[in-house]
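A.B. asks: Provide a 3D model corresponding to the input given below.
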Amino acid sequence: MKINTTHITSQKPKAPDFKNKIQTFFETANAWGVFVMGSTFVLMLGAAYLVYILQNDFTQFNNIREDYSYGGSLRHLVRPQDYGNALPWNRAVTFVVNHDVPHNDGFRSWLLSPQDEHLAHVYMLGRDGGVPLIYSDNNESHYLEDKDRWLNLYKRPDITAMITFHNALHGESMVMLYESDILLVFRRGDRGIVAINKSDSDQRVDFNTWGLKNPGTYIDLIHNHRLTISENRLSLLIPSRSAQMWLLD
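C.D. replies: Okay, here's the model as predicted:
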C-alpha cells in the first residue's frame, strides 16, 4: 500500500472513538502491516482518522544508525524498549529512512550506506513491535548518488520479501537465539528465523532449535534458499554484510 497524499479530512473525530480505532489497529493481526510513504506522505488510518497518537520512533532510528555504524553493537537492538531506546510497541512508527533525511543537507549524515540500510530494514521488518514505515520516492532527490535508490522501493524484491515475512508473523513473539556485537539471530513464534551479520566476514552460529517447528523446511525469502530443521541444534552460516529471513514452508 502506497500513500501519497496531502489531503486530510476536515472533520475532527471524537477522541474516545479515535483511540478505539488505534487500539483496534494494533490488535488486529495483519489488518494493516506496513506503511509506504512518498515524499508528500501523510499517515492516515482509514478515510477519516488521522493518526496523531502514533509517533515516528526517532529514538530507535538513532539507535539503529549508531548500532550499524563502525564500532556500534547490535546487542543494543535486542530489547531496545527496556533501555529507553525505543517507543512502546503500541505507539511507534519505526523507520530506517524517512522523507526528511535525504532532502535536507543537515540530515544527510544520518543516511546509512545502502547495504546497512538493507540490513536495518531486515531488523525493522523482522522484529516485533511498532508499525514499520518504508520510504519510497519517485527520484525527487537532487543528489546524483540518490538516483533510483528509493525509487518504488516497496516493489523491490528484497523489500517485498521482508514485508511478506513481517505480515506472515505479525503478532508472533520474538525470542533471541544468538547475539553479539556483529551478529543477531532471533526467532518469530515457531515459524520464522531472522539472522543479521553486519561484519565484513562470514559468521557461523550454532543454536538450539527449541521453539521452532521441528522437523520443518524453511525458506529464506530474501535469497530463496531452503533448509531443513530436524535436530535439536542448527548450525547456520551467515555471509558477510548480509541477512536472512527464514519462514516455514
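A.B. asks: Please count neighbours and contacts with C-alpha atoms only from this point.
C.D. replies: Fine.
A.B. asks: element containing residue 164, please.
C.D. replies: helix 157-168 (DSSP states H and E).
A.B. asks: mind listing what's buried in that helix?
C.D. replies: Residues of helix 157-168 classed as buried by neighbour count (16 or more other C-alpha atoms under 10 Å): 158, 159, 161, 162, 163, 164, 165, 166, 167, 168.
A.B. asks: Spell out which residues make up each domain of this structure.
C.D. replies: The chain is divided into the following domains under automatic domain parsing: 2-168, 174-248.
A.B. asks: rewinding a little: name the residues that touch the helix or strand following the helix holding residue 164?
C.D. replies: Per DSSP H and E, the first helix or strand lying C-terminal to helix 157-168 is strand 174-179. The contact list for strand 174-179, computed with C-alpha atoms under 8 Å, 6 or more residues apart in numbering, reads 74-75, 78, 127-128, 184-189, 205, 207-208.
A.B. asks: buried residues in strand 174-179?
C.D. replies: Residues of strand 174-179 classed as buried by neighbour count (16+ other C-alpha under 10 Å): 174, 175, 177, 178, 179.
A.B. asks: can you put the residues you listed in a markdown table and add pLDDT?
C.D. replies: What follows is these, written out as a markdown table (pLDDT from 0 to 100):
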| residue | pLDDT |
| --- | --- |
| 174 | 94 |
| 175 | 96 |
| 177 | 97 |
| 178 | 96 |
| 179 | 96 |
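A.B. asks: Output the below-cut-off pLDDT ranges for the protein.
C.D. replies: 1-63, 80-91 (pLDDT under 70).
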